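Participant: I would like the atomic coordinates for the input below:
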Amino acid sequence: MKTDDQRALRMYVRAREDFQAMRKRMDNRLGVKADGKAQNIQDDKRWCSLEDIANFSEISKQANAQETAVEKMLKKMLKRFPIWNEWLKDVKGVGEVSGGWLLGEFDIEKATAVSKMWQYAGLNPGLVKGKKRIAKKLYKPEMGDIVSEMKNIRSGDTDYIIVTDVLVRGDKATEGFVLPYNKNLKTFLLGVLATGFIKQKSSYALEFYYPYKARLENESSIVENKGKARKDDGKAWKDVSLGHRDNAAKRYMMKMFLKDLYVAWRTVENLPVRAPYAEEYLGKKHTA
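Facilitator: Below you'll find the predicted structure:
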């Protein structure tokens, strides 16, 4: 179960994102470039007065100030977490914001195996039991076991989340079923943290990303249905698009990072640590 500190940390991360989004939207509307410099807009093409532009610029500055203030609060908050102090803060490529994402989203007590972290993060391409959202008044026991309930914002009634016997992809959306992973977390891991590892030449990029990507460039095994990359179905990995191989290498790298985070975090919290299924039962070792 997530602690109060984890819930608070998650709120800090979300608050920072809110202020950051406000600042970026305002800057875009004002025509401010990514480097912070204003675009050269002629007076006859301005859509509002100079006074209004000054006011909007002030809104952007205030949002930026709030964003910075929240980052300071977030940094202070992280010191309450032993895993941050003893391991995570020293991982190259992981800053305070990334730390907030990781420690605020994962529940290490529920993650009794690293595979549960992979599943929650949308990094499990295997099949899992699909979950559905059913109105309480329509629910029947034969539909599946109830795992949680929530209020329906539109109707005001209670809905159940039930587990069915239907198998769905663990890393894809399936029509009629609840998304089987945390969408925002997956976007952060693959779109932000993985990119940061590569740019900073983190040990995870050097040990896992680049070797795995190089291996795929010479891999003759055939790609099977991969959702949005269906155009590559039936092709050998060496013949698929560069972007497809790049994404596959990023996923592998993040799985290896989460494996280490799982071990370190569970160890710090004095919780039992299990080897991944493939290692524990099949005798396989993860290698790039």
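
Participant: mind listing what Val178 touches?
Facilitator: By Cβ atoms under 8 Å, 6 or more residues apart in numbering, Val178 lies in contact with 130-133, 161. (Each C-beta comes from the backbone N, C-alpha and C, glycine too.)

Participant: kindly report the same for Tyr139.
Facilitator: 146, 160, 162.

Participant: can you list the residues you listed in a markdown table and add distance to Ala264?
Facilitator: Listed next are these as a markdown table, based on distance: Cβ to Cβ, whole Å:
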| residue | distance to Ala264 |
| --- | --- |
| Ile146 | 34 |
| Tyr160 | 36 |
| Ile162 | 35 |
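
Participant: now, of the residues you listed, which are buried?
Facilitator: Buried subset of the contacts of Tyr139 (neighbour count, 16 or more other Cβ atoms under 10 Å): 160, 162.

Participant: got CSV for the contacts of Tyr139, with distance to Val91 and pLDDT too?
Facilitator: Listed next are the contacts of Tyr139 as CSV, based on distance: Cβ to Cβ, whole Å; pLDDT from 0 to 100:
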residue, distance to Val91, pLDDT
Ile146, 39, 95
Tyr160, 39, 95
Ile162, 38, 96
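
Participant: tell me which of the contacts of Tyr139 fall in strands.
Facilitator: 146, 160, 162 (DSSP state E).

Participant: pretty sure Val268 contacts Asn85?
Facilitator: No: with contact defined as Cβ atoms under 8 Å, Val268 and Asn85 do not form a contacting pair (9.0 Å).

Participant: with neighbour numbers in mind, choose between the two.
Facilitator: Applying other Cβ atoms under 10 Å to Val268 and Asn85 shows that Val268 carries more neighbours, namely 17 against 13.

Participant: what's near enough to touch that one?
Facilitator: By Cβ under 8 Å, 6+ apart, the residues touching Val268 are 82-83, 86-87.

Participant: by neighbour count, which of these wins?
Facilitator: That'd be Ile83 among the contacts of Val268, by other Cβ under 10 Å, with 20 neighbours.

Participant: three-state assignment of it?
Facilitator: Under DSSP: H, G, I helix; E, B strand; the rest coil, the three-state class of Ile83 is helix.

Participant: ok, it to Met1 distance?
Facilitator: Using Cβ to Cβ, to the nearest Å, we find Ile83 at a distance of 16 Å from Met1.

Participant: one more: Lys72?
Facilitator: Distance of Lys72 to Met1, computed by Cβ to Cβ: 28 Å.

Participant: could you do Ile198 as well?
Facilitator: For Ile198, the distance to Met1 - Cβ to Cβ - is 34 Å.

Participant: between these two, which one's more packed in?
Facilitator: Shown here are Ile198 and Met1; by other Cβ under 10 Å, Ile198 has more neighbours (19 against 6).

Participant: quick one: the closest residue to that one other than its chain neighbours and Lys92, what's the gap?
Facilitator: Using Cβ to Cβ, 6 or more residues apart in numbering and skipping residues adjacent in sequence, the residue nearest Ile198 is Ala205, 4.8 Å away. Here Ala205 is placed at a distance of 9 Å from Lys92 (Cβ to Cβ).

Participant: shared neighbours, those two?
Facilitator: By Cβ under 8 Å, 6+ apart, the residues touching both Ala205 and Lys92 are Phe197.

Participant: looking at those two, which is more packed in?
Facilitator: Legend: neighbour count by other Cβ under 10 Å for Ala205 and Lys92, higher for Ala205 (24 against 13).

Participant: my read is that one is in a helix, agree?
Facilitator: Yes: counting by three-state DSSP, Ala205 is found in a helix.

Participant: residues touching it, list them.
Facilitator: By Cβ under 8 Å, 6+ apart, Ala205 lies in contact with 93, 197-198, 253.

Participant: need phi/psi at the residue nearest to Lys255 when sequence neighbours are not counted.
Facilitator: Leaving aside its sequence neighbours, Lys255 sits nearest to Leu123 (Cβ to Cβ, 6+ apart; 5.3 Å). In terms of degrees, to the nearest 10, the main-chain angles of Leu123 are phi -110, psi 10.
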